[in-house]
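**Q** Model the structure of this input:
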Amino acid sequence: MPNKGKLTTWKDERGFGFIKPDHGGKEIFLHISALKRINRRPKVGDTILYELTTESNGKVRASNASIEGVIPETSDVHRNQLQVQATKKSPTNFRTSPLPKTHKSKRGRPVKILISLGVIAFITIIAKGFSASNSPSPSTPNPDTVISNPNTSINQPGCNIKGNISHNTGNKVYHIPGMEDYESTVIDPLKGEKWFCSESEAIANGWRKAPR
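**A** A predicted model of the protein is given here:
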């Protein structure tokens with residue numbers, strides 16, 4: 001069992017002092033090196049727990065001393081051991097605890113993908129329907145508009161005789177392919193001009209052959 005005494009003298013700048021034993025007797029020399037893992041420097045009035053050691057010269061001194069009520073500081077070796085143990089435990093906990101979450105996320109991933117694809121397909125269908133409903137329907141060409149454009153006048157197959165009406169005289173004359181004004185003559189149905197399939201048809205409708 002360790003001895004116990006009161007620190008009556010302490011020279012902090014030199015690192016030693018003297019302990020007065022509780023059981024009485026001569027004061028015991030205490031060096032700072034005998035205090036292991038202390039959190040603070042000793043001071044007069046501290047209760048010291050210590051063991052007695054007799055040196056070769058016969059002097060008695062305190063060894064393995066500690067300050068009563070002061071928690072010893074954790075040694076570097078012990079601190080390192082705790083850090084190593086914490087490091088070993090940490091990866092194990094990290095590997096074991098997240099595993100169920102990982103399995104759950106893997107099992108739920110296909111369902112999430114299917115839901116996402118369904119939502120995208122639904123949005124695409126709605127977008128196409130909205131676009132189709134808002135897009136203007138192709139307008140039916142107005143026959144009057146087509147007819148009013150001389151360049152869009154189309155003759156029937158095989159009917160290449162142009163029944164033209166003179167702008168100046170109002171005379172109805174027809175032009176057959178090869179005549180001088182044939183290519184430059186444009187038929188305008190709005191003015192009553194027509195295409196004929198034969199000269200006899202043109203004559204029967206009141207047209208006469210244009211001079212060459």
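
**Q** Confirm K4 sits in a helix?
**A** No: looking at K4 with DSSP: H, G, I helix; E, B strand; the rest coil, it is strand, so not inside a helix.

**Q** show me what contacts the closest residue to it other than its chain neighbours?
**A** Spatial nearest neighbour of K4, chain neighbours left out: D22 (5.0 Å); criterion: CB to CB, 6 or more residues apart in numbering. For every residue, glycine as well, the C-beta is placed using N, CA and C. D22 makes contact with N3, K4, G5, K6, according to CB atoms under 8 Å, 6 or more residues apart in numbering.

**Q** The second one against L52, yeah?
**A** Translated: K4. No: the pair K4 and L52 does not pass the contact test of CB atoms under 8 Å, sitting 11.6 Å apart.

**Q** Top of the contacts of D22 by number of neighbours, please.
**A** Neighbour counts for the contacts of D22 were taken using other CB atoms under 10 Å; the highest belongs to G5, with 23 neighbours.

**Q** Number of residues surrounding the closest residue to I67 other than its chain neighbours?
**A** Setting aside the residues directly before and after it, I67 is nearest to D46 in space (CB to CB, 6+ apart), at 5.1 Å. The tally of other residues near D46 (other CB under 10 Å) stands at 21.

**Q** cool, and the one 4 residues further on?
**A** Applying other CB under 10 Å, we find 21 residues neighbouring Y50.

**Q** Looks to me like it is in a strand.
**A** Yes: the assignment for Y50 is a strand, going by three-state DSSP.

**Q** so what's it up against?
**A** 2-5, 19, 28, 30, 34, 62-66.

**Q** how does it look with 10 Å?
**A** Taking CB atoms under 10 Å, 6 or more residues apart in numbering as the contact definition, Y50 lies against 2-5, 19, 21, 28, 30, 34-35, 61-66.

**Q** before we move on, the earlier item: shared neighbours of K4 and L52, anything?
**A** Counting by CB under 10 Å, 6+ apart, the contacts common to K4 and L52 are P21.

**Q** Please tell me how far K36 sits from L49.
**A** Using CB to CB, to the nearest Å, one obtains 11 Å as the distance from K36 to L49.

**Q** From what I see, K43 and K6 are in contact.
**A** No: shown here, K43 and K6 do not form a contact pair, counting by CB atoms under 10 Å, at 11.4 Å.

**Q** Show the subsequent helix or strand relative to the helix or strand bottoming out on mean pLDDT in the chain.
**A** Taking all helices and strands of the chain together, the one with the lowest average confidence (mean pLDDT, DSSP states H and E) is helix 143-148, at a mean of 44. Tracing the chain past helix 143-148, the next element assigned as helix or strand by DSSP states H and E is strand 161-165.

**Q** All set, thanks.
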